[in-house]
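Visitor: missing the sequence, but the structure's below:
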């Protein structure tokens, strides 16, 4: 099916695109900050409330499972009722639940409020992706989406741990850090409600029809089976699950690992753990474009192996803050790059014609439910019995498996495929059979 693209003058003005990018990136960063605030403050909370890493794993699992379910279905609601009616209430609910996390003191109450928080973020995330696409000029769509997505590691895992742990030296208790986290989210929700338009800034012929068809088919079991029959799609799905399980270790268990096993202070832990966010941001920005030149397969293997090596070295660098920062930076650099590669070009190029929405929904939903949900709970409870010192090795094993799966990936990068096709065409017909 051929889709023609007509780009005229922006419907809402050129400044609308940049303003909305700034607001949505800020909101996405705030949701990431709130999501990872619990693991960052867990060493302090656990001593006060009598929690263990098994409780953290269960809470994270509940969050991720409902996130995955809502991520699959939220696009349908935003198509029907508009982006603003989904994203604004979701951001407000998310912010309120973050504040309530500091109010409750029992593990059951915290689990319930974090589950509601996961539902809100699950509805918010795919909706802002769609809103950003509709606001962007086609020539800047990839750039804008890259900047939007990179706000997640930068704010949640980079700047967030520094702010959260340094606030502990200013506010009376850790409860106040959660209370204050709600303020920027509510402010941004008000600003987005005023700025967001539910009509595309640059209308594109055909895109709405294709997207709505994919959304309707997303819940068709036959559609999902057809998607998973694609070799690269199966590899993308399994690899996403493994990568998100490794990300749970990095973002969820490494803060406790640093304080309990390595023996660094809470304030130093915040500074060291910020390497995860800064490394993830750098990896997503630096490596995403290289797969266009070197190929998806090559990059997936290199990134999975690079993350595994860095994670194995965590146990060998002692308690040097500089060395720990550097090794965590490298681990996150490769791990987040894997997620960008899987969720971006690999999934898009493997999706059957007309099933792009279904493919994205299956990969994101399964990754969150199984990788960040079920696997996180299993890992958290296993670490309770085996000890926190085993956590880096678990994440290294996950990333190493991704590198092995990359060996089976079929190359789909257009430049690489075209180069190979031209090379084959240049072989004399009499030699083609011999070469094969």
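Guide: Looks like it came in fine. As the structure is a computational prediction, the values presented were derived from the model and not from experiment. Numbering: from 1, shown residues only.
Visitor: distance between the ends of stretch 407-416?
Guide: 16 Å (C-alpha to C-alpha, to the nearest Å).
Visitor: And it, what's buried?
Guide: 409, 412-413, 416 (16 or more other C-beta atoms under 10 Å). To be clear about C-beta, it is placed using only N, CA and C from the backbone, and glycine gets the same treatment.
Visitor: helix or strand for the closest residue in space to residue 239 that isn't next to it in sequence, which one?
Guide: Leaving aside its sequence neighbours, residue 239 sits nearest to residue 402 (C-beta to C-beta, 6 or more residues apart in numbering; 4.7 Å). Taking DSSP states H and E as the criterion, residue 402 maps to helix 391-406.
Visitor: Just the mean pLDDT for that helix, thanks.
Guide: Helix 391-406 carries an average pLDDT of 94.
Visitor: what's the answer for stretch 300-308, then?
Guide: Averaged across stretch 300-308, pLDDT comes to 93.
Visitor: sorry, back to before: return the item of the buried residues of stretch 407-416 having minimum pLDDT.
Guide: residue 413 (74).
Visitor: okay but it is in contact with residue 300, surely?
Guide: No - counting by C-beta atoms under 8 Å, residue 413 sits too far from residue 300 to count as a contact (11.0 Å).
Visitor: neighbours of residue 160, just the number please.
Guide: 28 (other C-beta atoms under 10 Å).
Visitor: and it, what is it in contact with?
Guide: Counting by C-beta atoms under 8 Å, 6 or more residues apart in numbering, residue 160 makes contact with 32-33, 36-37, 40, 274, 277.
Visitor: Name the nearest of the residues you listed relative to residue 294.
Guide: Within the contacts of residue 160, proximity to residue 294 (C-beta to C-beta) peaks at residue 277, which comes in at 25.8 Å.
Visitor: Surely the closest one touches residue 163?
Guide: No - here residue 277 does not reach residue 163: they are 11.0 Å apart, not a contact under C-beta under 8 Å.
Visitor: the more surrounded of those two?
Guide: The neighbour comparison of residue 277 against residue 163 (other C-beta under 10 Å) goes to residue 277, with 30 against 17.
Visitor: And the more buried one, how far from residue 161?
Guide: Residue 277 sits 7 Å away from residue 161, going by C-beta to C-beta, to the nearest Å.
Visitor: ditto for residue 308
Guide: Counting by C-beta to C-beta, the gap from residue 308 to residue 161 is 23 Å.
Visitor: same deal with residue 238?
Guide: From residue 238 over to residue 161 the distance is 30 Å, taken as C-beta to C-beta.
Visitor: Which positions within the helix or strand hosting residue 40 qualify as buried?
Guide: Assigned by DSSP H and E, residue 40 falls within helix 14-49. Judged by neighbour count (16+ other C-beta under 10 Å), helix 14-49 contains these buried residues: 16-17, 20-21, 23-46.
Visitor: for the stretch 151-300 of the chain, which spans come out with low pLDDT?
Guide: 198-227, 288-289 (pLDDT under 70).
Visitor: which residues touch residue 371?
Guide: Contacts of residue 371 (C-beta under 8 Å, 6+ apart): 64, 240-245, 247-248.
Visitor: Taking the residues you listed together, which two end up most distant?
Guide: Greatest spatial distance in the contacts of residue 371: 64 and 242, 14.2 Å, computed using C-beta to C-beta.
Visitor: and the two? which has more neighbours close in?
Guide: residue 64 (28 against 25).
Visitor: If you count neighbours, what's buried in the helix or strand where that one lies?
Guide: Assigned by DSSP H and E, residue 64 belongs to helix 53-81. For helix 53-81, a neighbour-count test (16+ other C-beta under 10 Å) marks 53-79 as buried.
Visitor: what's the angle between the helix holding residue 40 and helix 53-81?
Guide: 150 degrees (axes from the mean of the first three to the mean of the last three C-alpha atoms, to 10 degrees).
Visitor: Could you check how far residue 186 is from residue 386?
Guide: Residue 186 is 41 Å from residue 386, by C-beta to C-beta.
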